[in-house]
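Student: sharing a model that was predicted from the sequence below.
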Amino acid sequence: MNKGNVTAKQMFQVFFILMTTGKNIADAGSMSSDLSKGGGAVRSVLAVLDRKTEIDPNDSNGLTARRINGDIELRNVYFSYPSRPEQMIFQGLSLKIEAGKTVALVGQSGSGKSTVIGLIERFYDPMKGCVLVDQRDLKNYNLRSLRSHIALVSQEPTLFAGSVRYNIVYGKEEASEAEIRKAAKLANAHEFIR
């Protein structure tokens, strides 16, 4: 600029800077709603991570069973998931499964088949009623001990990073080589992992 005179180039630069600045301010305004949504999502995730579970998987108390026969009973069980307390999954469910018997749980999606397994694994406790293994309430068992006697293949099996051996011993870290081989054979996996 010379004595209040502006060249075309200088004028273009000023307009360009103003347009770019205006666009950036407008973009920042639209991002603020995205940022607040993202902040809400982060708060939700942190709330889940900070939530204390009612069932402590590391609690060392309870009955440590060396052997479990495997008789299972759900007695007058009422249950709804903590995230949907208004939607009852079971209202007075009673079911007996004798050890060694093969049982098929059949039903529509959302009818509670996986929930039965979750209750037996003690991922959840019933609101009312009880789940028994060998005529003892699951709440009386040491959770690690109980789960060491249960083998579960879920609808969507997960393999953990690491060796096949690591995946086999995940639920029973102190398994012997013979037990690992036996588990692989029972899973029809021994031949292709040798």
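Tutor: Thanks, I have it. If you're wondering where the values come from, they're calculated on a predicted model, not measured in any experiment. Numbers count the residues shown, from 1 in each chain.

Student: what stretches of the chain score poorly on pLDDT?
Tutor: Where the chain drops to pLDDT under 70, the residues are 1-2, 32, 35, 155, 157, 159-160, 194.

Student: try 80 this time
Tutor: Along the chain, segments meeting pLDDT under 80 span 1-4, 26-59, 151-162, 167, 170-173, 187, 190, 192-194.

Student: can you give me the strands in it?
Tutor: Along the chain, counting by DSSP state E, strands occupy 72-79, 90-97, 128-133, 136-137.

Student: redo those strands as CSV? Include distance to N5.
Tutor: Glycine gets a C-beta too; all of them are placed from N, C-alpha and C. Below are the strands of the chain laid out as CSV (distance: least, C-beta to C-beta, whole Å):
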stretch, distance to N5
strand 72-79, 82
strand 90-97, 85
strand 128-133, 88
strand 136-137, 93
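
Student: could you dump the ones you listed to a markdown table with mean neighbour count and distance to E156?
Tutor: Output for the strands of the chain, formatted as a markdown table (neighbours: other C-beta atoms under 10 Å; distance: least, C-beta to C-beta, whole Å):
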| stretch | mean neighbour count | distance to E156 |
| --- | --- | --- |
| strand 72-79 | 18 | 22 |
| strand 90-97 | 15 | 23 |
| strand 128-133 | 18 | 23 |
| strand 136-137 | 15 | 30 |
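
Student: looking at those, which is closest to S148?
Tutor: Comparing the strands of the chain against S148 with C-beta to C-beta, the closest turns out to be strand 128-133 (12.6 Å).

Student: packing partners for the closest one?
Tutor: Helices and strands touching strand 128-133, by 3 or more C-beta pairs under 8 Å, 6 or more residues apart in numbering; DSSP states H and E, are strand 72-79, strand 90-97, helix 113-120.

Student: try 10 Å this time
Tutor: Contact partners of strand 128-133 among helices and strands, from 3 or more C-beta pairs under 10 Å, 6 or more residues apart in numbering; DSSP states H and E: strand 72-79, strand 90-97, helix 113-120, strand 136-137.

Student: A41: which of the ones you listed is closest?
Tutor: helix 113-120 (26.0 Å).

Student: what is that closest one packed up against?
Tutor: Against helix 113-120 (3+ C-beta pairs under 10 Å, 6+ apart) you get strand 72-79, strand 90-97, strand 128-133.

Student: how about a markdown table for those strands, with distance to A151 added?
Tutor: Formatted as a markdown table, the helices and strands packed on helix 113-120 follow (distance: least, C-beta to C-beta, whole Å):
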| stretch | distance to A151 |
| --- | --- |
| strand 72-79 | 14 |
| strand 90-97 | 15 |
| strand 128-133 | 14 |
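
Student: to L49, which of the ones you listed lies closest?
Tutor: strand 72-79 (24.2 Å).

Student: elements contacting that closest one?
Tutor: Right, strand 72-79 is packed against strand 90-97, helix 113-120, strand 128-133 by 3+ C-beta pairs under 10 Å, 6+ apart.
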